[in-house]
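Trainee: the following comprises the amino acid sequence and a computationally predicted model.
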Amino acid sequence: MALLSATGTPTVHTRPAGGLLVMGSAVSVVLMFAVATTAPLATVVLGLIACGVLHHVVEYRYLAARFAGLFSPIVWGLIGLLILGIVIARAQMVPYPAQFEIALGYLVLTVGAHWGLAGRRRVVVLALVAVAAAASLTFPAWHFVVLTHLHNVLPVLFVWEWSRRFSPALRRGLLTVQLSWVVVLPMLILFGALDGLLNPDPGLVAGFVDGARVIDLHAPPEASTMVGTRFLTMFALMQSMHYVTWLVLMPLLTPGVTARANRAVPALRGVRLWWLGLGLAGLLAVVFVLDWFEGRSLYALLASYHAYLELPVLVAVLCAGRQPRPRAAAGACDT
């Protein structure tokens with residue numbers, strides 16, 4: 001794709017051929033489905049240790065390089081303060097922490113809608129946010145189950161938004177593959193069509209974690225063993241593809257965004273960013289090995305910004321069709 005650099009000189013950012021990109025995505029879905037159904041518990045436990053922190057770093061690079069100009073610094077500061085409140089709630093430092101996090105989470109969405117939308121769209125989205133907030137505060141346990149699974153599919157919205165630049169055939173093929181792991185396979189798992197393939201055996205992590213507790217973290221309250229296994233398997237598939245999307249697919253789709261990030265922070269260009277992510281993951285892995293649930297609690301604190309920063313961005317970009325404003329210092333790039 002030919003682009004203009006800051007000096008006006010044409011530059012070219014290569015991207016894998018469309019057919020190979022779609023085929024690679026499809027192969028990833030097949031592989032992750034096989035892994036998730038064969039060993040869902042091990043997939044969730046080991047996947048979080050190996051890829052959790054690393055994919056945060058890669059996503060932060062994308063959000064900062066592409067969407068820094070979407071809101072004013074004051075609005076970003078407000079969003080940051082609200083998410084800091086969520087961190088405090090997750091650390092159990094306030095009364096009724098679950099309700100506190102829910103309320104602040106919807107305030108983050110409200111900020112995105114208020115400053116990212118206008119006119120009738122703003123009114124409609126704010127009304128939907130109010131209705132959803134009331135439902136979540138009424139059923140907080142269900143809120144966190146839905147949020148846990150919904151978070152895994154959000155990168156597909158970034159793929160969908162970016163794919164507007166592609167040819168219709170490439171876009172259809174790419175989005176069809178994404179929908180297979182976001183909708184088709186999860187629904188088949190959830191409604192029992194694939195029960196014969198599911199394996200509740202903890203396998204590699206037997207003796208490492210309490211499998212029942214892990215299932216409880218990803219299943220509805222008082223779910224039966226079979227229903228819990230379905231939810232865990234569904235989560236294992238979507239978590240795995242969540243990592244594949246952020247760590248592989250998005251960097252391949254958005255080479256210009258990566259180039260902008262490299263110019264903005266040369267110290268973290270290329271493999272240095274990956275070494276940073278792997279180093280942080282290694283430090284947290286020590287806690288995971290000592291006590292996986294303590295590690296997961298610490299991870300949840302670190303993941304607060306990762307989980308909530310993307311929400312106002314998606315509201316502004318998808319609901320209003322707004323485009324981020326590149327920073328002048330970064331030069332023109334494929335935003």
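Mentor: Here it is on my side, so go on. Numbers count the residues shown, from 1 in each chain.
Trainee: what about the helices in the protein?
Mentor: If you assign secondary structure with DSSP state H, the helices in the chain sit at 18-38, 40-67, 73-90, 97-116, 119-138, 140-162, 168-179, 185-190, 211-218, 225-244, 250-253, 255-264, 271-290, 292-320.
Trainee: from the contact counts, what lies against the second one?
Mentor: Using 3 or more C-beta pairs under 8 Å, 6 or more residues apart in numbering; DSSP states H and E as the contact criterion, the neighbours of helix 40-67 among helices and strands are helix 211-218, helix 225-244, helix 250-253, helix 255-264, helix 271-290, helix 292-320. No exception for glycine: its C-beta is placed from N, CA and C like everyone else's.
Trainee: circling back to that earlier point, as JSON lines, the helices of the chain with mean pLDDT would be great.
Mentor: Shown next, in JSON lines, are the helices of the chain (pLDDT from 0 to 100):
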{"stretch": "helix 18-38", "mean pLDDT": "93"}
{"stretch": "helix 40-67", "mean pLDDT": "93"}
{"stretch": "helix 73-90", "mean pLDDT": "96"}
{"stretch": "helix 97-116", "mean pLDDT": "96"}
{"stretch": "helix 119-138", "mean pLDDT": "95"}
{"stretch": "helix 140-162", "mean pLDDT": "93"}
{"stretch": "helix 168-179", "mean pLDDT": "94"}
{"stretch": "helix 185-190", "mean pLDDT": "96"}
{"stretch": "helix 211-218", "mean pLDDT": "88"}
{"stretch": "helix 225-244", "mean pLDDT": "95"}
{"stretch": "helix 250-253", "mean pLDDT": "92"}
{"stretch": "helix 255-264", "mean pLDDT": "88"}
{"stretch": "helix 271-290", "mean pLDDT": "90"}
{"stretch": "helix 292-320", "mean pLDDT": "91"}
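Trainee: circling back: which of the helices and strands packed on helix 40-67 is buried the deepest?
Mentor: Most buried of those by mean neighbour count (mean count of other C-beta atoms under 10 Å) is helix 225-244; its value is a mean of 23.
Trainee: now the angle from it to helix 40-67?
Mentor: Counting by axes from the mean of the first three to the mean of the last three C-alpha atoms, to 10 degrees, helix 225-244 lies at 40 degrees to helix 40-67.
Trainee: please name every helix or strand in contact with helix 225-244.
Mentor: helix 18-38, helix 40-67, helix 140-162, helix 185-190, helix 211-218.
Trainee: what sits up against that helix?
Mentor: 28-29, 32-33, 35-37, 40-41, 43-44, 47-48, 51, 55, 145, 148-149, 151-153, 155, 181-182, 185-186, 189-190, 192, 195, 198, 200, 214-216, 218-220, 223 (C-beta atoms under 8 Å, 6 or more residues apart in numbering).
Trainee: distance of the closest residue to residue 195 other than its chain neighbours relative to residue 205?
Mentor: Leaving aside its chain neighbours, residue 195 sits nearest to residue 226 (7.0 Å; criterion: C-beta to C-beta, 6 or more residues apart in numbering). Look at residue 226 and residue 205: by C-beta to C-beta, to the nearest Å, they are 20 Å apart.
Trainee: can you count the residues close to residue 74?
Mentor: Using other C-beta atoms under 10 Å, residue 74 is surrounded by 9 other residues.
Trainee: cool, residue 167 as well?
Mentor: Neighbourhood size, residue 167 [other C-beta under 10 Å]: 10.
Trainee: pretty sure it sits against residue 19.
Mentor: No. Using C-beta atoms under 8 Å, residue 167 is not in contact with residue 19; the gap is 11.3 Å.
Trainee: mind listing what's buried along stretch 85-98?
Mentor: For stretch 85-98, burial by neighbour count (16 or more other C-beta atoms under 10 Å) applies to 85-90, 98.
Trainee: rewinding a little: just the helices and strands packed on helix 225-244: most buried one?
Mentor: helix 40-67 comes out most buried of those by mean count of other C-beta under 10 Å, with a mean of 22.
Trainee: helix 271-290 and that helix, what's the angle between them?
Mentor: Going by the same axes, to 10 degrees, helix 40-67 makes 150 degrees with helix 271-290.
Trainee: how far off centre is helix 40-67?
Mentor: Computed by C-alpha atoms, centre = their mean, to the nearest Å, the separation of helix 40-67 from the middle of its chain amounts to 8 Å.
Trainee: CA atoms only: put stretch 112-120 into CSV for me.
Mentor: Taking Å, rounded to 0.1, in the frame of the first residue of the first chain, the C-alpha atoms of stretch 112-120 are listed here in CSV:
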residue,chain,number,x,y,z
GLY,A,112,-16.9,7.9,25.0
ALA,A,113,-20.5,8.4,23.9
HIS,A,114,-20.7,12.0,25.1
TRP,A,115,-17.4,13.2,23.5
GLY,A,116,-17.3,10.8,20.6
LEU,A,117,-20.9,11.1,19.3
ALA,A,118,-23.3,13.9,18.5
GLY,A,119,-27.0,14.5,18.0
ARG,A,120,-29.4,11.6,17.8
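Trainee: and the contacts of that stretch?
Mentor: Residues contacting stretch 112-120 (C-beta under 8 Å, 6+ apart): 70-72, 75, 79, 122, 125-126, 129, 311-317, 319-320, 322.
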